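Undergrad: Here is a sequence with its predicted model. Questions after.
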Amino acid sequence: MTHVEDELTSQPECWTRAASQAADHAEVLPAPGERVAIVGCGTSYFMAQAAAALREGAGQGETDAFAASEFPYGRAYDRVVALTRSGTTTEVLELLGRLKGRTRTTAITADPDTPVRTAADKLAVLDFADERSVVQTRFATTALTLLRAHLGLHPDTAVTDARTALTEPLPEDLVDCAQFTFLGRGWTVGLANEAGLKMREASLSWAEAYPAMEYRHGPISVTTSGTATWMFGEAPAGLADQVRSTGGLWIEGRLDPLAELVRAQCLAVAVAAARGLDPDRPRHLTRSVILAH
């Protein structure tokens, strides 16, 4: 079993643990009414997108998400939350350094014994979700689970659905598709973006992601026989029929959207195996991006 597969299958237990610890981390996570930015790189950025949409949608306060390298320093925030599995990513550490003494910062990390310990004002440590793999699975979804639980939005069904995602066979013919499109609405747009990234990282697939309504404004033109379109959450009326009319395979999200992401992770590993690729050795990637100056 690869590191990716091992870490992928441990997600239900990690989610349960993170949800149970949400109250313990309450003081370092955003309080209702705070103006917040959530930042990250790669997978962590897409989890930031999902968390920001959930928080603002829940009426907890204005919440933005940014790639750490694109943070708008001219804006004022009450708190900036950084998601960083390794605690060593260059862009995140530079951002936290620039905000030191100006804006309260919290880092959610898997490894507190790294430079992020002194770069951030506060830490929320999820060391039980740390990973050996380059391709992130469980830390990202566990961090989002912590934030969902902090908002009171973590349903008990999420863990059950994650177990279902890990055990149910993938839809027939899905692994053989040549192109994959993932769609979301609201907070699930971030999940769709992450699903596309997983497919590219682990299996070198042609994979795209869009807000569901935007998909009809051009991207649907690449959908045809031998491609798949996967919806995270409830689809806009008529979209499934439009996709089927192209000859493409339509995948309806039936589970909790975060559990649907687990299914997409499983697909990435399955496609990698079918193509003779090792998901533990993704092309051109390292576990943490540390830039030389």
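TA: Sure, I can see it.
Undergrad: quick one, domains of the chain?
TA: What automatic domain parsing lists as the domains of the chain is 3-150, 157-274.
Undergrad: Can you say which of those is nearest to residue 280?
TA: The minimum distance between residue 280 and the domains of the chain falls on domain 3-150, with 5.1 Å, by CB to CB. Every C-beta, even on glycine, is put in place using the N, C-alpha and C of the backbone.
Undergrad: now the end-to-end length of that closest one.
TA: End-to-end distance for domain 3-150, by CA to CA, to the nearest Å: 29 Å.
Undergrad: Please give the centre-to-centre distance between that domain and its chain.
TA: In terms of CA atoms, centre = their mean, to the nearest Å, the centre of domain 3-150 is found 11 Å from the chain centre.
Undergrad: From the rest of the structure, what touches stretch 47-54?
TA: Outside stretch 47-54, the residues within contact range by CB atoms under 8 Å, 6 or more residues apart in numbering are 36-40, 63-66, 81, 83, 140-141, 143-144, 147-148, 151, 153, 186-191, 193-194.
Undergrad: on that earlier part again, what's the closest of the domains of the chain to residue 281?
TA: domain 3-150 (7.6 Å).
Undergrad: quick one: average confidence on that closest one?
TA: The average pLDDT for domain 3-150 rounds to 96.
Undergrad: Residue 185 contacts residue 210, correct?
TA: No. Applying CB atoms under 8 Å, one finds residue 185 not in contact with residue 210, separated by 10.4 Å.
Undergrad: Looking at these two now, which is surrounded by more residues?
TA: residue 210 (21 against 18; other CB atoms under 10 Å).
Undergrad: Buried residues in the host helix or strand of that one, which are they?
TA: For residue 210, the host element (DSSP states H and E) is strand 206-211. Within strand 206-211, the residues that count as buried by 16 or more other CB atoms under 10 Å are 207, 208, 209, 210, 211.
Undergrad: Then stretch 98-112?
TA: 99, 103, 104, 105, 106, 107, 108, 109, 110, 111.
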